[in-house]
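**Student:** Need a 3D model of the following:
(one chain, ligands or ions: 1)
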Amino acid sequence: MTAKLRVGALISGGGTNLQAILDACAGGAIPAEVLFVGADNPQAAGLERARSRGIPTFVVDYRGLLASRRHDPGAHPLPGDFALEEIRAKQTLFPRSSDPERVDAYLQGRAFAEARLLAAMRPYAFELLVLAGFMRNLTPYFIDRVNTDRARPRIMNIHPALLPAFPGTDGYGDTFRYGCKVAGCTVHFVDYGEDSGPIIGQRAFSIGEEDTIETVRRRGLEQEWQLYPECIRLFAEGRLKTERCVHDLPGGRMVERTVVRVRPGKD
Ligand code: GRF
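**Tutor:** Numbers count the residues shown, from 1 in each chain. As a prediction, this is how the structure comes out:
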């Protein structure tokens, strides 16, 4: 039997995706084990789901940490290896035209919390980090310290919309309010932007006249619970490969994008 993929998970809320992943691991649907579950808030109900399975948990209280640093930055120094210019240049969370002071304050605050997150994760030799309803953007400070090999991204996220449509925190709501006839969810690798990384898998479903935001959300979540374990399985089986693609467009323009190729498997 081959070794199981070692997975770490970060959550913010109810953790139904986490539950689906834990069940898929326990039932053998994916050759993986969850080593830890971390949350950015102590109230994350999903923590209990991990504890009841005997999985170690930790909390990095983002809200408290960010507030204390805002209140007294001098008493809450940035990590020694934080290089503001480098992080600012890499990030694509904010457009280049954004107010530089606001961007810097955001990046510094986040890196302060992210250093705690990295320290809490350090004892665990995880191979893949899954964001399962983790409602915080990650900066290049954190991402580069997890993705030590650029060619092998290893942070996955699930998003409640068919990306690149409707990034942000309310994908199903945005999809429904827009009047879309199709909704869906996306699993992708995390890059330096918001919900902008290479797409691993997607599920779509129709929105009918009888649907409401609630029914769309419920049906979407049910799709997520299948899609996320499937994508983790592909990773565990070594079937995901990123590839830089360059395409020529009319007018001499070019588009460049990193995409995920899924190698064929037994299924
Ligand atoms: C899911 O809809 C996920 O796509 C989004 O946040 C929600 C988390 O739900 N990122 P849960 O905590 O897994 O129940």
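**Student:** The longest helix seen in the chain and the ligand, are they touching?
**Tutor:** Among all segments of the chain classified by DSSP state H, the helix with the greatest residue count is helix 213-236. Yes: judged by CB under 6 Å from any ligand atom, helix 213-236 comes into contact with the ligand at 221, 224. For every residue, glycine as well, the C-beta is placed using N, CA and C.
**Student:** helices or strands up against that helix?
**Tutor:** If you count contacts as 3 or more CB pairs under 8 Å, 6 or more residues apart in numbering; DSSP states H and E, helix 213-236 packs onto strand 5-11, helix 16-26, strand 32-39, strand 128-131, strand 155-159, helix 171-178, strand 182-189, strand 199-206.
**Student:** Residues contacting it, please?
**Tutor:** Applying CB atoms under 8 Å, 6 or more residues apart in numbering, the contact partners of helix 213-236 are 4-5, 7, 16-17, 19-21, 24, 29-32, 128, 130, 132, 154, 156, 158, 160, 171-173, 175-177, 183-185, 187, 200-203, 205, 207, 240, 262, 265.
**Student:** Quick one: mean pLDDT over that helix.
**Tutor:** Averaging the model's pLDDT scores along helix 213-236 yields 98.
**Student:** cool, stretch 6-19 as well?
**Tutor:** Here the mean pLDDT over stretch 6-19 is 98, rounded to a whole number.
**Student:** picking up where we left off before, please tabulate the helices and strands packed on helix 213-236 in JSON lines, including the columns distance to the ligand and mean neighbour count.
**Tutor:** As requested, the helices and strands packed on helix 213-236 are arranged in JSON lines below (distance: least, CB to the nearest ligand atom, whole Å; neighbours: other CB atoms under 10 Å):
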{"stretch": "strand 5-11", "distance to the ligand": "6", "mean neighbour count": "24"}
{"stretch": "helix 16-26", "distance to the ligand": "3", "mean neighbour count": "21"}
{"stretch": "strand 32-39", "distance to the ligand": "10", "mean neighbour count": "22"}
{"stretch": "strand 128-131", "distance to the ligand": "7", "mean neighbour count": "23"}
{"stretch": "strand 155-159", "distance to the ligand": "4", "mean neighbour count": "24"}
{"stretch": "helix 171-178", "distance to the ligand": "7", "mean neighbour count": "19"}
{"stretch": "strand 182-189", "distance to the ligand": "6", "mean neighbour count": "24"}
{"stretch": "strand 199-206", "distance to the ligand": "11", "mean neighbour count": "17"}
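**Student:** got CSV for these, with distance to L249 too?
**Tutor:** Written out in CSV, the entries for the helices and strands packed on helix 213-236 read as follows (distance: least, CB to CB, whole Å):
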stretch, distance to L249
strand 5-11, 37
helix 16-26, 36
strand 32-39, 40
strand 128-131, 32
strand 155-159, 26
helix 171-178, 26
strand 182-189, 23
strand 199-206, 20
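**Student:** Specify the stretch among these that is closest to R63.
**Tutor:** Each of these has some distance to R63 by CB to CB; the shortest is strand 32-39, at 11.5 Å.
**Student:** Paired strands for that closest one, with orientation please.
**Tutor:** Applying DSSP bridges, strand 32-39 is found paired with strand 5-11 (parallel), strand 57-59 (parallel).
**Student:** wait, isn't I30 in contact with A24?
**Tutor:** Yes: A contact is recorded between I30 and A24 when judged using CB atoms under 8 Å, the distance being 4.7 Å.
**Student:** residue contacts, the residue in the stretch 51-200 of the chain that the ligand sits nearest to?
**Tutor:** Among the residues of the stretch 51-200 of the chain, G133 lies closest to the ligand, at 2.6 Å counting by CB to the nearest ligand atom. The contact partners of G133, by CB under 8 Å, 6+ apart, come to 11-18, 46, 158.
**Student:** One more pass at 10 Å, please.
**Tutor:** Contact analysis of G133 by CB atoms under 10 Å, 6 or more residues apart in numbering lists 9-18, 39, 44, 46, 157-158, 160, 221, 224.
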